[in-house]
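Asks: The sequence isn't on hand, but the structure is:
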């Protein structure tokens, strides 16, 4: 049978969350890099939204097409007895789900949609140079979010509690893209830095550290596990 | 023990999804209506985002605070052997998750953030009269989404497949708010209308039909089960 294929864009946070989660679940998969903004992108036919990530796999001889982060992470739940990367304690489970939703909405709207738009989408779509005013607004929003994460990590080893959970995976996916572009001043956030070093050292993270954005070298510490 | 309390705003689609899901799960709960835009809203202390819905309940003698749609629906999964309102077939499960994410992001950004902002948030926050240009844009976007749903329902009894799923619950939550404000021309979407009539007839829907928005009477067919 054909192997699993993940259609992804390397600097899309949701695509990174899927790669990390599949890596943590020790699922072998091929990566197929797509450019979702191009009209002939294969995702136009696979996913009604046209967006990555999409996982194609086979299960009991049938093709499964799983569109976007929630379907891919949910399938990882379905495959294992216990929900995938979820703590046992009910309040911690709620906290994982709250934080995943926080990144899917608040962080995406307030940080990614501003800062990644200026630094990443504008060069890709040839929309002109970044605007200083928008960069400033995005960086201010990012600081507020990092302060919230730092406060959580002052009380916990991981974002939602004592153990690694999918909240950590989703958070690291978003932060790692911003880190590539040098947008995170780790020295200001010691708790977050310790947490990120642990995440970055996991084997699931290795493929992300090899990603390169056309025309932009990664921040010097991007690939450094001991930054 | 104290009962479960849902802090919600009656015209917030995510709050409606939580009320419908709790109703479908036959969980008795008190409704505590909140006004999330007011500085003394109790959600400011319960949920870091300050947003509804939040469910407070007790489980094995401990207080559980579940913030927002994903944590509340996930908790309903955890309580039952089988995931809550989820089909068994893997592609259908993926489709449920894809559609829930579609409503959480695309529908929210393209329709709710425009049309509900003009019709609902502006009067509540005293931001002035709706703008004709924005109403037009929101209605065009809504039409495109309704056409997609109509096409799905031409092939299926429910949005994600043969059985009622949480995709139907989340979709009906969004559409019911727009329907209150008379934004849905059901005659143009016969498949969707049949589907919505079935949803609306469920006992879980009854509390939503009793909601009233200050100063705006519901569309004449809003409470009519046989419209």
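Replies: Arrived safely, thanks for sending. Keep in mind that what you see is a predicted model, and the values were worked out from it rather than measured.

Asks: switch to C-alpha atoms for all contacts and neighbour counts from now on
Replies: OK.

Asks: In chain A, which residue is most central in space?
Replies: residue A:173 (2.4 Å; C-alpha atoms, centre = their mean).

Asks: Surely it touches residue A:19?
Replies: No. Look at residue A:173 against residue A:19 with C-alpha atoms under 8 Å: they stay out of range, at 9.0 Å.

Asks: and chain A, which of its residues are near chain B?
Replies: A:49, A:64-68, A:70-72, A:74-75, A:90-91, A:93-95, A:97-98, A:101-102, A:105 (C-alpha under 8 Å from any C-alpha of the partner chain).

Asks: please redo it, this time with the cut-off set to 6 Å
Replies: For chain A, the contact set with chain B under C-alpha under 6 Å from any C-alpha of the partner chain comprises A:64, A:66-67, A:70-71, A:91, A:94, A:97-98.

Asks: Show me which of those residues are buried.
Replies: A:64, A:66-67, A:70-71, A:91, A:94, A:97-98 (16 or more other C-alpha atoms under 10 Å in any protein chain shown).

Asks: Now do stretch A:193-213: everything it contacts.
Replies: For stretch A:193-213, contacts defined as C-alpha atoms under 6 Å, 6 or more residues apart in numbering or on different chains pick out A:20, A:23-24, A:186, A:223.

Asks: In the top helix by length along chain A, which residues are buried?
Replies: Scanning chain A for the helix with the most residues, using DSSP state H, yields helix A:132-155. Neighbour counts over helix A:132-155 (16+ other C-alpha under 10 Å) mark A:135, A:138-139, A:141-143, A:145-146, A:149-150, A:152-153 as buried.

Asks: cool, and stretch A:94-104?
Replies: Neighbour-count burial for stretch A:94-104 [16+ other C-alpha under 10 Å]: A:94-104.

Asks: do the same with stretch A:13-28
Replies: Judged by neighbour count (16+ other C-alpha under 10 Å), stretch A:13-28 contains these buried residues: A:13-25.

Asks: now stretch A:57-71: how far from the chain's centre is it?
Replies: How far stretch A:57-71 lies from its chain's middle: 20 Å, per C-alpha atoms, centre = their mean, to the nearest Å.

Asks: What average pLDDT does that stretch get?
Replies: Stretch A:57-71 shows a mean pLDDT of 95.

Asks: What of stretch A:199-213?
Replies: Stretch A:199-213 shows a mean pLDDT of 97.

Asks: Then stretch A:10-17?
Replies: 98.

Asks: Tell me the secondary structure at residue A:227.
Replies: coil (DSSP: H, G, I helix; E, B strand; the rest coil).

Asks: quick revisit: tell me which of the buried residues of stretch A:94-104 fall in strands.
Replies: Among these, DSSP state E puts none in strands.

Asks: could you dump those to TSV with pLDDT?
Replies: Shown next, in TSV, are the buried residues of stretch A:94-104 (pLDDT from 0 to 100):
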residue	pLDDT
A:94	97
A:95	97
A:96	97
A:97	96
A:98	98
A:99	98
A:100	97
A:101	96
A:102	97
A:103	97
A:104	95
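
Asks: and the two most separated of those?
Replies: Using C-alpha to C-alpha, the buried residues of stretch A:94-104 reach their maximum pairwise distance at A:94 and A:104, which is 15.3 Å.

Asks: Report the two of the residues of chain A next to chain B separated the most.
Replies: Farthest pair in these (C-alpha to C-alpha) is A:64 and A:91. Separation: 32.3 Å.

Asks: For the helix or strand that contains residue A:77, buried residues please.
Replies: For residue A:77, the host element (DSSP states H and E) is helix A:68-79. For helix A:68-79, the neighbour count (16+ other C-alpha under 10 Å) marks A:68-78 as buried.

Asks: helices or strands up against it?
Replies: If you count contacts as 3 or more C-alpha pairs under 6 Å, 6 or more residues apart in numbering or on different chains; DSSP states H and E, helix A:68-79 packs onto helix B:90-102.

Asks: try it again with 10 Å
Replies: strand A:4-8, helix A:13-24, strand A:54-59, strand A:62-67, helix B:90-102 (3 or more C-alpha pairs under 10 Å, 6 or more residues apart in numbering or on different chains; DSSP states H and E).

Asks: How far does the second one sit from its chain's centre?
Replies: Helix A:13-24 has its C-alpha centroid displaced from the chain centroid by 6 Å (C-alpha atoms, centre = their mean).

Asks: rewinding a little: overlap in contacts, residue A:173 and residue A:19.
Replies: A:13, A:205, A:208 (C-alpha atoms under 10 Å, 6 or more residues apart in numbering or on different chains).

Asks: Could you single out the nearest of those residues to residue A:178?
Replies: residue A:13 (9.4 Å).

Asks: Could you report the distance from that closest one to residue A:160?
Replies: 19 Å (C-alpha to C-alpha, to the nearest Å).

Asks: Over to residue A:173?
Replies: 16 Å.

Asks: for residue A:132, same thing?
Replies: In terms of C-alpha to C-alpha, residue A:132 sits 34 Å off from residue A:160.

Asks: Export the buried ones among the residues of chain A next to chain B to CSV and append columns for distance to residue A:215.
Replies: Formatted as CSV, these follow (distance: C-alpha to C-alpha, whole Å):
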residue, distance to residue A:215
A:64, 36
A:66, 32
A:67, 30
A:70, 31
A:71, 33
A:91, 44
A:94, 41
A:97, 36
A:98, 36
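
Asks: Report the distance from stretch A:18-35 to the chain centre.
Replies: The answer for stretch A:18-35 is 12 Å, by C-alpha atoms, centre = their mean.

Asks: what do you get for stretch A:58-78?
Replies: For stretch A:58-78 - counting by C-alpha atoms, centre = their mean - the centre lies 18 Å from the chain centre.

Asks: for stretch A:219-227, same thing?
Replies: With C-alpha atoms, centre = their mean, you get 18 Å for stretch A:219-227.

Asks: Give me the residues contacting it.
Replies: Residues contacting stretch A:219-227 (C-alpha under 10 Å, 6+ apart): A:176-184, A:186-187, A:193-194, A:196-202, A:206, A:208-211.

Asks: next one: stretch A:106-114
Replies: Contacts for stretch A:106-114 (C-alpha under 10 Å, 6+ apart): A:12-13, A:99-103, A:105, A:115-121, A:134-145, A:171, A:174-175, A:177-178, B:49, B:109.

Asks: let's go with 7 Å and repeat that
Replies: A:134, A:138, A:141-142 (C-alpha atoms under 7 Å, 6 or more residues apart in numbering or on different chains).

Asks: go on, stretch A:5-21?
Replies: Counting by C-alpha under 7 Å, 6+ apart, A:29-35, A:52-57, A:69, A:72, A:169-170, A:173-174, A:177, A:204-205, A:211 sit against stretch A:5-21.

Asks: Can you turn the buried part of those into a PyMOL selection?
Replies: To isolate in PyMOL the members of the contacts of stretch A:5-21 that are buried, counting by 16+ other C-alpha under 10 Å, one can use:
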select buried, chain A and resi 29+34+35+52+53+54+55+56+57+69+72+169+170+173+174+177+204+205
